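*Asks:* Structure for this input, please:
(chains A and B, ligands or ions: 2)
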Amino acid sequence: MDDEISVRIGGDAGQGVESIAGGFAKALARAGLHVFTAPDYRSRIRGGHNFHQIRAGVRPIFAQRTPADLLVAMTPETIDVHLAQLPPGAAVLYDEALRLEDRIRYRLDAEQLRARDLRLMPVPLARIAADHGSRVMMSTAALGALGGVTGVPLDMISEVTRDTFARKGADVVGANLAVAAAAHRVAEQRHGGFGSPLPHGDGRRRMLLHGNHAFALGALAGGCRFMAAYPMTPATSIVEYLASVAAEHDVVTKHAEDEIAAVCMAIGAAHVGARAMTATSGGGFSLMTEALGLAGITETPLVVVNVQRGGPSTGLSTRTEQADLLFALHASNGEFPRIVIAPGSVEECFEAGWRAFNLAERYQCPVIVLSDLFLASSLQTVEPGAFDLDAVPIDRGALVASGTASILGGETSHRTVGDGSAGKTATAHAWEPGTYPRYAVTDSGVSPRPLPGDPAAVFGAASTEHTQDGHITEEVHTRVAMMRKRMRKEQAALREDIRAPRRFGPEEPELTLVCWGSTVGAAREVATQFTATGRPAAVLQFHDLWPFPAAAAAAALDVAGLTIGVEQNFTGQLAKLIRMSTGRQLDRQILAYDGRPFSPQEILTAVEQALAGAEEIHLVSGEPPLPRETEVGVNV
Amino acid sequence: MSSATASSFDTWVKPTWCPGCGDFGILAAVKHALTDLAIAPHETLVVSGIGCGSKLPDYMHVNGFQTLHGRPLAVATGAKLANHQLTVVVVDGDGDAYGIGGNHFIHTVRRNTDVTHLVENNQIYALTKGQYSPTTPQGRVTTTSPEGVIERAVNPVALALTMGATFVARAFAGEPTHLAGVIKQAVSHRGYALIDVLQPCVVFNRINTYQWYSERIYKLDDAGHDPQDRAAAERAAVEWDDRIPIGVIYREDGVPTYEEQLPALRDGPLVGRSLTERAAFDGLKNQFM
Ligand SMILES: Cc1ncc(C[n+]2csc(CCOP(=O)(O)OP(=O)(O)O)c2C)c(N)n1
Ligand code: SF4
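*Replies:* Ligands and ions are numbered 1, 2, ... in the order given. The predicted structure follows:
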C-alpha cells in the first residue's frame, strides 16, 4: 500500500525500543498522519526480545499490520525473529557494528536477499551516539536514522527528542539533538527514500494515546474523584496516570494492599458519594468478585475496569485476550443487576470513562468495563475534538440533594441532583420515623439515594438482604420485593441506555464479522477490503454486552448474511452469549488465543477458509516461534 | 455541633444476639460515647463486617454499612478518603479483623487513616458456630480443632503496637462505662485507633467468661500507666493470663493522618466538589499532542 507505511522496531528490553517507537509515532502524528502502534513485549524487565509495530497513513487506522515495510533491528536476534515475515521490497535498518553472522537461524545470504528484494541499510548507530553524545544514546541515533530513511524531516525528530529529554536538562537535550541530527543526516545520505516513502500527512495535529490513557481522561471528564487499585499488567497505567494528575484534578488515588481492598475502597468512596472506580486484569478481577456482589446488593454505583490479558490464571501476562466476557457477566455469587460495556477503540475508551459513571449512578449498580491489553496499550491518533469536555454529560441519577429528603406519612419527597430521570419517588411503605428508606421499592428499581452525612436522611446499608430502610432481614416477602426491585434496573437500563450492536459497512452484506472489543478494528479493515472486491461485508460490533440487547441483536443478525464470529478466545464467548440470549447461532467462528492481536491479513485468510466451508477456525499467529533461549527465562 | 441525646442512636430493631452476649455492652458503649461527644447519627458512618458483632450498626440509628466478612477496614478507608468529615467507626469481629481481614488490618494501621476500629474479640468464630479464631488460645478445643488449636494465638494489641499504630487500647464488654470512655478517646484521636474489646460469647466460648475476665482485668488508669510511655505500653501489651490490663495502652499524638497528607483533600472533602468544573482539561489533552 502506498498510502501507508508500516515499521517494526525490535530489540532487547531495556534498549529503548519503546522510546524509539514512541518518538517516531509522535513525529509521524505531528506530521499529520494517522498512526497506530502495537507494542509486543514479554514479561521481563531487561533482556528478552521486544518489538513495536507502527503503522501510519492518510486514513484512520485501527489495527496493526504484518508484515512491515521496514524493520529496525537493535540486535541480531531482531533480524532472526522477524526476517521471514518481511515482504519482498522491505528494508532492514540496523547498526553497522551488529555481527549479523551471530544470528541464530537465518543465514543472510546475498541470494536470499536478492530473491526477496530485501534491502539492508546499515548505519553506524553506536558510533554516531558515541561521537556526538554518549553510547547510551543509541536509541536516539536509531530514531534519527529512522527519520532519515523514511523522510521525516529532522525538525520533527528534533522536536520529539527535545520533549523526551526536557526534564533531564539542557546538556542531555543538546547531546541527544546532536546524535539525532547526525544519524538523520548519515541515514538520509546513504539510504534515503528507501522504496516505501512516507505518505504526506494533512498537517493536522492529533492526539496520540492508548486506550488506558483515553479511559483515564474520560473518567476525569466524567468527574471521577477516587480510584483505588493494585498494580496488574495491563491495567496499571490507568492508576499511574491518574496519580500523576491527582493533585490538580481533585482525585484521590490509592495503591491498595490488594485487589480486594481496592474494590472495597472504591465501594466505600462511592457509598459516601464520590465517583469511584478500580481497575485490574483478570486475576485481580477474580479477587474482586465477592465485593462486586456487595455493590450489587447495596446498590452502590461502582465502576470496575477489567483490562483483559491472556489467562487462565497468570497466563500470558503481557499478551492480549478477550476471554473474561462470560466471567464478567456472572462474576460474584447470586443475582443482581450489572452493566457490562466493552469499548473497541481509543475514542470509545474515552467515552467509556465518563459513561460508566453515568450508568453506575443512574442504575446504582456496578458497571464493568471490559478492555483488553491490545486496546489498552496500542497508541493511536485521535482527533482532539473526539475528547470534547462540553459534550460530556454528567448524570447523577436519583441522587438526593443534602437536606431535602423528608419522610411524610410513609412517602418520601426529595429533590434530586442532576436530571434524575432514573429516579422515581418511593411508594408507600412503613418505616420507622427518622430512618430513611434508602432501598424504597420503586417502579424503575432505582431508589432515591441520599449520602451519608445528610442531616435529613440517616440510613443503613447491608450486604445481607435488607428492608427498604436497610435493616437485615430474611423475611420472605421483603426478599422477593427486593430481588424484583433490584432486577428491574436491568430492564430499565435495556430500555433507556443499552446500545444495539453497531453495524459498519453495507446494508445488505453477503457476510458479517461479529465481534467486540479491540477486534473490531482489524475486522473493519477486512470488511472494507471484501467490500472493495465486490463482496459486500459488514462488521457487527457488540459494545454494550449486559444487559444484552437481544432483540436488536436478533434483528441485526437477520440481515447479516453469513455470520462469522471473530474473537480472541477459545470458546467463542460472544457467540455463546448471542445464542443464549437470542437462540441464534453464528454460522462460522474465527478464534485465536495465542495472545497476539489479530491482524487484518490473518482474519482475511481465515474468512476465506470460512467461506470455503470451515466452521470453526482456530488461528495461530503468523509470528515465527522465538528461539528457545529467548523464549525461556521469564524473570518478572 | 448537633444536639445528640442519649436516645438519638436508638432504633426499633431488636438485637438478635443471645441473652448475655458481650455485644450488648459494646452497643451501649458506642451509643454512649457518640452521645457524649455530641456527634449526631448523620455525622457518623459505622462500618462493619460479617459476624455476630458486625450486626451492631443494624441496631443503631446511624449511617450503617454492614459489608463483607473481613473487609470493613477497606470500605471504611474509601469512605473516609471520599468524605473525611464523617466520623468513621469500624466494628467487626476478631475473625474479621485478624483473620480474613488481616492484610487490611496491617495496612490500615500503617496508613494511620482516621478511623476508630472496635474489634469484638470473643476469641471464637461465633456466627458460624464455634470454630477457632486467630485469637483462640493454643490448645483450645473447638469444632475445627478437635485435638486443640496448633497455632499460636495472635496478640492484636502487641501486633498493632509494633506496626506503628498511633492509638492502641484494650477494653472489656463487661465494663461498658469504661469502654465508652476509651471509645471517646479513640474517636477524638486523630489517626487509626484500635480498641480490642474482650467480648464474652456466652454460647461458644465457655472459658473466657465474664467471670474469667473479672478475675483478671485491671485498669491501666488505676495503675498509673502513662500511654505516652512506649516501653510501658510494650509491657502492658504482652501482659495476659493472670492479669489483663484494660484501657489506653499507647497513644502517640500529632502524627499526620493519611488523609491530611493528600493534596487533593486540602480544599475539603471530595464529595463536595463540583463535577462540572474541569477547567484544566485542555492542558491534559495537550500532553498527548
Ligand atoms: C468470605 C466469607 N467466608 C466465610 C464466611 C462465613 N462467616 C461468617 S461470620 C464468620 C466468622 C465470624 O467470626 P468473627 O469475625 O470473629 O465474628 P463473631 O461472629 O465471633 O462476632 C465466618 C467465617 C463469610 N460470611 N464470608
Ligand atoms: S453466639 Fe456468642 S457472640 Fe454470637 S450472639 Fe451469641 S453470645 Fe454473642
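
*Asks:* Could you find the closest non-adjacent residue to the residue of the stretch 151-289 of chain B found nearest ligand 2?
*Replies:* Among all residues of the stretch 151-289 of chain B, residue B:201 sits closest to ligand 2, at 3.2 Å; criterion: Cβ to the nearest ligand atom. The way it works is simple: take the backbone N, C-alpha and C, and place the C-beta from them, glycine included. Nearest residue to residue B:201 in three dimensions, chain neighbours excluded: residue B:122, at 3.8 Å (Cβ to Cβ, 6 or more residues apart in numbering or on different chains).

*Asks:* picking that back up, surely the residue of the stretch 151-289 of chain B closest to ligand 2 meets residue B:52?
*Replies:* Yes - when contacts are counted by Cβ atoms under 8 Å, residue B:201 is listed as touching residue B:52 (7.4 Å).

*Asks:* Identify the contacts common to these two.
*Replies:* Residues touching both residue B:201 and residue B:52 (Cβ atoms under 8 Å, 6 or more residues apart in numbering or on different chains): B:21, B:122, B:126.

*Asks:* Out of these, who's the most crowded?
*Replies:* Highest neighbour count within the shared contacts of residue B:201 and residue B:52: residue B:122, with 30 neighbours (other Cβ atoms under 10 Å in any protein chain shown).

*Asks:* show me what contacts that residue?
*Replies:* Shown in contact with residue B:122 (Cβ under 8 Å, 6+ apart): B:22, B:52-53, B:93-94, B:133, B:199-201, B:204-205, B:208.

*Asks:* these two touch, right, residue B:80 and residue B:115?
*Replies:* Yes - if you go by Cβ under 8 Å, residue B:80 and residue B:115 touch, sitting 5.8 Å apart.

*Asks:* anything in contact with each of these two?
*Replies:* Common neighbours of residue B:80 and residue B:115 (criterion: Cβ under 8 Å, 6+ apart): residue B:88.

*Asks:* low-scoring stretches of the chain, by residue?
*Replies:* As the question left the chain open, I've gone with chain A. Applying pLDDT under 70 to chain A flags the ranges A:1-2, A:45-46, A:100-110, A:112, A:194-197, A:406-434, A:624-636.

*Asks:* my bad, the chain I had in mind was chain B
*Replies:* Ranges of chain B meeting pLDDT under 70: B:1-6.

*Asks:* from the chain's centre, how far out does the top helix by length along it sit?
*Replies:* Assignment by DSSP state H gives helix B:22-36 as the longest helix of chain B. Centroid separation for helix B:22-36 versus its chain: 13 Å, with Cα atoms, centre = their mean, to the nearest Å.

*Asks:* circling back: kindly indicate which of the contacts of residue B:122 lies nearest chain A.
*Replies:* Nearest to chain A among these: residue B:52, at 12.1 Å, using Cβ to the nearest Cβ.

*Asks:* Give the full set of residues in contact with that closest one.
*Replies:* Residues in contact with residue B:52 (Cβ under 8 Å, 6+ apart) are B:17, B:21, B:23, B:93, B:120, B:122, B:126-127, B:201.

*Asks:* Do a quick rundown of the helices in the stretch 1-150 of chain B.
*Replies:* For the stretch 1-150 of chain B, applying DSSP state H, counting those that start in this stretch gives helices covering B:22-36, B:72-82, B:94, B:102-111.

*Asks:* Quick check: which of the ones you listed is buried the most?
*Replies:* Of all the helices of the stretch 1-150 of chain B, helix B:72-82 carries the top mean neighbour count, a mean of 31, counting by mean count of other Cβ atoms under 10 Å in any protein chain shown.

*Asks:* what pairs with the nearest residue to residue A:531 once chain neighbours are set aside across the strands?
*Replies:* Nearest non-adjacent residue to residue A:531, counting by Cβ to Cβ, 6+ apart: residue A:537, 5.4 Å away. Assessed by DSSP bridges, residue A:537 has beta-bridge partners residue A:511.

*Asks:* quick one: residue A:537 and residue A:523 touch, right?
*Replies:* No - counting by Cβ under 8 Å, residue A:537 stays clear of residue A:523, with 9.2 Å between them.

*Asks:* Of those two, which one has the most company?
*Replies:* The neighbour comparison of residue A:537 against residue A:523 (other Cβ under 10 Å) goes to residue A:523, with 31 against 26.

*Asks:* Give me the secondary structure label for the nearest residue to that one once chain neighbours are set aside.
*Replies:* Distances taken as Cβ to Cβ, 6+ apart put residue A:513 closest to residue A:523, at 4.3 Å, once the chain neighbours are dropped. Classification of residue A:513 using DSSP: H, G, I helix; E, B strand; the rest coil returns strand.

*Asks:* Which positions in chain B make contact with ligand 2?
*Replies:* Applying Cβ under 6 Å from any ligand atom, one finds that chain B approaches ligand 2 through B:17-18, B:21, B:23, B:52, B:122, B:126, B:201-204.

*Asks:* any idea how far residue A:614 lies from residue A:590?
*Replies:* Separation of residue A:614 from residue A:590 (Cβ to Cβ, to the nearest Å) stands at 9 Å.

*Asks:* Tell me the residue of the stretch 1-150 of chain A that sits nearest ligand 2?
*Replies:* At 47.3 Å from ligand 2, residue A:43 is the closest residue in the stretch 1-150 of chain A, using Cβ to the nearest ligand atom.

*Asks:* same thing with chain A?
*Replies:* The minimum distance from chain A to ligand 2, using Cβ to the nearest ligand atom, falls at residue A:472 (13.6 Å).

*Asks:* ditto for the stretch 51-200 of chain B
*Replies:* Of all residues in the stretch 51-200 of chain B, residue B:52 sits closest to ligand 2, at 3.1 Å by Cβ to the nearest ligand atom.

*Asks:* just to revisit the earlier point, any chance of the shared contacts of residue B:201 and residue B:52 in JSON lines, plus distance to residue A:581?
*Replies:* Listed next are the shared contacts of residue B:201 and residue B:52 as JSON lines, based on distance: Cβ to Cβ, whole Å:
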{"residue": "B:21", "distance to residue A:581": "49"}
{"residue": "B:122", "distance to residue A:581": "48"}
{"residue": "B:126", "distance to residue A:581": "44"}
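
*Asks:* Filtering those by proximity to ligand 1, which remain?
*Replies:* Taking Cβ under 6 Å from any ligand atom as the test, ligand 1 is in contact with B:122, B:126 out of those.

*Asks:* which of the residues in stretch A:544-557 are buried?
*Replies:* Buried residues in stretch A:544-557, counting neighbours by 16 or more other Cβ atoms under 10 Å in any protein chain shown, are found at A:544-550, A:552-553, A:556-557.
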